[in-house]
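Enquirer: The sequence and its predicted three-dimensional model are supplied below.
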Amino acid sequence: MKEFFLIISSYLIGSISFAYTIGLVFKGIDIRTVGDKNAGAANVFRHFGPVLGTMVAILDICKGITVIFIAKFFGVNLPVIFLCGIAVIIGHTWPVYFGFKGGRGVACAIGVFFALFPIPILALMAIMALIIFVTGSMNIAVTTLFVSILVYASLVEKSYPLFLYVLCIGFLLWIIDLITVRKLNTEEKKESLHVRIRR
C-alpha cells in the first residue's frame, strides 16, 4: 500500500506544471499555445526569456529530486524508487491537473538522475548547458547527457540495474518525443529542436 501511494504521489507531483503556471502568472499566456506547444522549460526559455526558462527548469528538476528523496525517506526498495522516477516523468508529460497536456520530461529525468548520483549529474548538466549555449541544439545536449549517464552507470557505478533504468528512461523520453513531434507542423518541429530566444 505504501509503495502504491508513493508511486501515485510521484505522478501527482509530476503533474504540477510550472511552465504553465509561471507563463500565466508572469506573461498572462498559456505556454501550450505558443511555439512548439510544449509546457516545458525550453519553450518557456524561447518565448518568455532565460530568467523564466531557467526558473521552470530548476523547478522541474526539483520535482524529480523530490520524489526520489521521498521514496528513499520511506525506505522502499530500489524498484519502487525507480517506478517513482518514471511516474514523475509521466505526470509531467500527461498532467492530470492540466488536461494531460504537459512537457517532455527531460528536466524531471535530470532531477531523478541527480537524486541518484548528484556529483556526476552536476558536471553533466554544466556540459549540457555549454552545448545548448554553443549550438542551441536540444537534441545534441540531451543525447550527450544520456550517453554520458549510461557510460557512468556502467563503467563507474558498475550497476546493471542503474544502467537498465537510465536506458528505460531514455526510451520513455524518446517515445514521448515521438508522440509530441508527430502533432507538430514543420515550423514547430524545427523550433522544438533548438533553444533560441524568440523576440
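Expert: Yep, that arrived.

Enquirer: Tell me where the model's unsure across this protein.
Expert: Low-confidence segments of the chain (pLDDT under 70): 184-199.

Enquirer: all helices of it, in order?
Expert: Taking DSSP state H as the criterion, the chain contains helices spanning 2-14, 18-27, 41-48, 50-73, 78-93, 106-116, 118-135, 138-151, 160-182, 186-192.

Enquirer: closest one to residue 35 among these?
Expert: Among the helices of the chain, helix 41-48 comes nearest to residue 35, with 4.7 Å by C-beta to C-beta. Every C-beta, even on glycine, is put in place using the N, C-alpha and C of the backbone.

Enquirer: So which elements touch that closest one?
Expert: Helix 41-48 sits against helix 18-27, helix 50-73, with contacts defined as 3 or more C-beta pairs under 8 Å, 6 or more residues apart in numbering; DSSP states H and E.

Enquirer: Just want the angle from it to helix 118-135.
Expert: 40 degrees (axes from the mean of the first three to the mean of the last three C-alpha atoms, to 10 degrees).

Enquirer: contacting residues for residue 83?
Expert: 7, 10 (C-beta atoms under 8 Å, 6 or more residues apart in numbering).

Enquirer: rerun at 7 Å
Expert: residue 7 (C-beta atoms under 7 Å, 6 or more residues apart in numbering).

Enquirer: Distance check, it against residue 6.
Expert: Between residue 83 and residue 6 the distance is 8 Å, computed by C-beta to C-beta, to the nearest Å.

Enquirer: do the same with residue 153
Expert: For residue 153, the distance to residue 6 equals 23 Å [C-beta to C-beta].

Enquirer: if we can go back for a sec, okay, the helices and strands packed on helix 41-48 in TSV with distance to residue 142 and mean neighbour count next?
Expert: TSV is the format used below for those (distance: least, C-beta to C-beta, whole Å; neighbours: other C-beta atoms under 10 Å):
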stretch	distance to residue 142	mean neighbour count
helix 18-27	17	19
helix 50-73	13	20
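
Enquirer: mind putting the ones you listed in TSV, distance to residue 41 included?
Expert: Converted to TSV, the helices and strands packed on helix 41-48 look like this (distance: least, C-beta to C-beta, whole Å):
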stretch	distance to residue 41
helix 18-27	7
helix 50-73	4
